[in-house]
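J.: coords below, sequence missing:
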Ligand SMILES: O=C(O)CCC(=O)C(=O)O
Ligand SMILES: [Fe+2]
């Protein structure tokens with residue numbers, strides 16, 4: 001069945017679909033039959049839900065725990081220290097954003113979380129190294145706190161582990177789209193991956209729907225690899241029936257969800273699904289999304305097999321960098 005035909009069938013299906021759990025234990029297998037079976041599971045999740053959980057993802061508990069501890073100590077610094085790294089001071093949206101300074105849903109009045117954002121950097125880079133020069137509109141170095149010594153190394157270690165996982169997922173997404181496995185190789189040379197560590201203060205009592213942890217939105221890159229703190233329900237996904245369904249943390253898993261760059265590459269054959277988070281747990285909640293896109297100069301052109309006379313191109317072609325920067329400007333308002 002052609003991709004377009006399968007996408008039309010998925011769109012017409014009424015059945016309620018849960019977020020599937022995909023086991024990545026065979027992700028390094030070179031057996032084409034095994035890889036095709038894994039790609040089939042991923043295709044099904046991408047066309048029908050836009051979200052999946054992955055197990056056996058290869059990021060160790062130690063790496064996760066160190067990043068969590070570092071992120072907790074960063075967020076517990078005094079506000080004025082964190083504001084020294086205020087994102088509004090950088091042209092490339094790196095650094096700290098305080099509670100209510102972002103607004104992911106234009107209909108809302110701000111997101112009830114604080115965050116810290118950074119992009120690619122080698123762990124052994126010198127502090128004054130510039131980021132790669134070829135990042136076009138997104139060029140510019142990361143900024144780091146001087147008062148929180150372990151922070152940079154711990155969160156960058158997680159970053160590199162998640163980027164490594166993302167690099168293994170791209171060939172499977174390509175297979176799922178009936179493309180050669182190396183289709184994204186020349187488009188992801190510089191790992192245009194942005195990571196955020198997030199802290200959601202608890203929201204108890206009556207919650208104003210227009211001021212929640214993170215308002216309803218889609219992600220902007222190809223896909224997101226999300227770690228969420230165990231035992232705290234906050235993330236919700238909008239299903240086909242326009243109902244919010246919980247996407248609770250499942251021990252040992254990460255969430256992988258598709259973003260707008262994949263929707264653009266695939267002319268919406270892959271779904272960039274709307275989601276939000278509300279922390280009503282009564283305790284602080286931490287999460288770590290890593291947004292993995294194509295290199296910033298790459299044009300987001302629809303893959304030919306995702307276009308047909310009855311499914312004409314839905315999106316104007318822009319570069320990945322232009323798209324991400326536009327979305328960052330709209331969300332952070334500068
Ligand atoms: O914290 C979460 O669970 C979701 C975060 C998210 O959706 C985002 O940062 O784009
Ligand atoms: Fe998101």
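T.: Yes, it's here. Since we're looking at a predicted model, the values are computed, not measured. Ligands and ions are numbered 1, 2, ... in the order given.
J.: use CA for all of it now, contacts and neighbours both
T.: OK.
J.: now the strands for the stretch 101-250 of the chain?
T.: 114-118, 192-200, 214-217, 223-228, 235-238, 244-246 (DSSP state E, counting those that start in this stretch).
J.: who touches the most centrally placed residue in the chain in this structure?
T.: Centroid check for the chain by Cα atoms, centre = their mean gives residue 224 as the closest residue, at 2.3 Å. Counting by Cα atoms under 8 Å, 6 or more residues apart in numbering, residue 224 touches 255, 256, 257, 258, 259, 289, 290, 291, 292.
J.: What of residue 258?
T.: Contacts for residue 258 (Cα under 8 Å, 6+ apart) come out as 46, 50, 51, 219, 221, 222, 223, 224, 270, 271, 272, 273.
J.: Does the residue nearest to it when sequence neighbours are not counted have any beta-bridge partners, and if so which?
T.: If the residues on either side of it in the chain are set aside, residue 258 comes closest to residue 223, at 4.2 Å by Cα to Cα, 6 or more residues apart in numbering. Under the criterion DSSP bridges, residue 223 forms beta bridges with residue 258, residue 292.
J.: same check, this time on residue 228
T.: In this entry, residue 228 is beta-bridged to residue 287, by DSSP bridges.
J.: What distance do you get for the residue of the stretch 1-150 of the chain found nearest ligand 1 to residue 234?
T.: Ligand 1 sits closest to residue 104 of the stretch 1-150 of the chain, with a gap of 8.3 Å, by Cα to the nearest ligand atom. As judged by Cα to Cα, to the nearest Å, residue 104 and residue 234 stand 16 Å apart.
J.: Could you double-check that residue 83 lies in contact with residue 96?
T.: Yes - Residue 83 lies in contact with residue 96 (Cα atoms under 8 Å); the separation is 6.7 Å.
J.: Looking at these two, which is more packed in?
T.: Between residue 83 and residue 96, counted using other Cα atoms under 10 Å, the more crowded position is residue 96 (27 against 16).
J.: Got the phi and psi for that one?
T.: The phi and psi values for residue 96, taken as degrees, to the nearest 10, are phi -100, psi 140.
J.: Is it bridged to anything, and to what?
T.: Beta bridges link residue 96 to residue 86, residue 116, judged by DSSP bridges.
J.: For the stretch 151-300 of the chain, which segments count as helices?
T.: According to DSSP state H, counting those that start in this stretch, the stretch 151-300 of the chain carries its helices in the segments 151-176, 260-265.
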